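>>> Sequence first, predicted coordinates after that:
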Amino acid sequence: MAIDPRNYDLDELRAASVGKPSLGGRDEWPGEWDADEKVADAETGTAETGRPAAAVAFETSIARDLAALDRGAEDLARPYLSALPASLVAEALIFEWLEFLFLQAGRESVADALEFYERVGWLGADAAEALERYLSGIDDPRANAGNDLDPDDHRVSLHYIARLASLSQG
């Protein structure tokens, strides 16, 4: 990986999740970003930012989930996700998450990211091992193996981990 996620400060990742998102590949956003104020244009399907409404909605979902995770920080114990929940919803989320990462950067980068997530306490050993087994079953010629995962990709991962952890508790 060109960008080493071990250099990320977890508090900065959380703060970034409720700040100005950059999942669309843009570094700067015009004005202050407030997803609740961005309204999709019915004809074009884009929000006021000029970005697809689905991207804005997804970023809003990430920000809300991570803010909820942060509010319950007193109750959180690492690893956030010690084992994968056993449900069809969880399995769909797992495949969605791993496919996203796989398409972003290929198998090797995703395997490296899973190891990192285990080291920093986002994943427990059981969850990491199960995710590696799921990853071994994913193959897609559209994978961008020449790409590296960036901070936004790791922020999306934390979102999925939070969602899966909430399924484990419920």
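It's in. Note that the coordinates shown come from a computational prediction; the quantities given were computed from them, not determined experimentally. Residues are numbered from 1 along each chain as shown.
>>> for the chain, what spans make up the helices?
10-17, 53-71, 88-119, 125-136, 151-169 (DSSP state H).
>>> what would the ones you listed look like in TSV with distance to residue 80?
Yep, even glycine has a C-beta here, placed from its N, CA and C like the rest. Supplementary listing: these in TSV, determined by distance: least, C-beta to C-beta, whole Å:
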stretch	distance to residue 80
helix 10-17	10
helix 53-71	8
helix 88-119	9
helix 125-136	9
helix 151-169	5
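>>> Let me know which of those is the nearest to residue 82.
helix 125-136 (6.1 Å; C-beta to C-beta).
>>> May I have the closest one exported as CSV, CA atoms only?
Extracted C-alpha coordinates of helix 125-136, given in CSV (Å, rounded to 0.1, in the frame of the first residue of the first chain):
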residue,chain,number,x,y,z
ALA,A,125,-9.4,-12.6,15.2
ASP,A,126,-12.6,-14.7,14.5
ALA,A,127,-14.1,-11.9,12.3
ALA,A,128,-10.9,-11.3,10.4
GLU,A,129,-10.5,-15.0,9.7
ALA,A,130,-14.1,-15.3,8.5
LEU,A,131,-13.7,-12.2,6.3
GLU,A,132,-10.5,-13.7,4.7
ARG,A,133,-12.5,-16.8,3.9
TYR,A,134,-15.2,-14.7,2.2
LEU,A,135,-12.6,-12.7,0.4
SER,A,136,-11.0,-15.9,-1.1
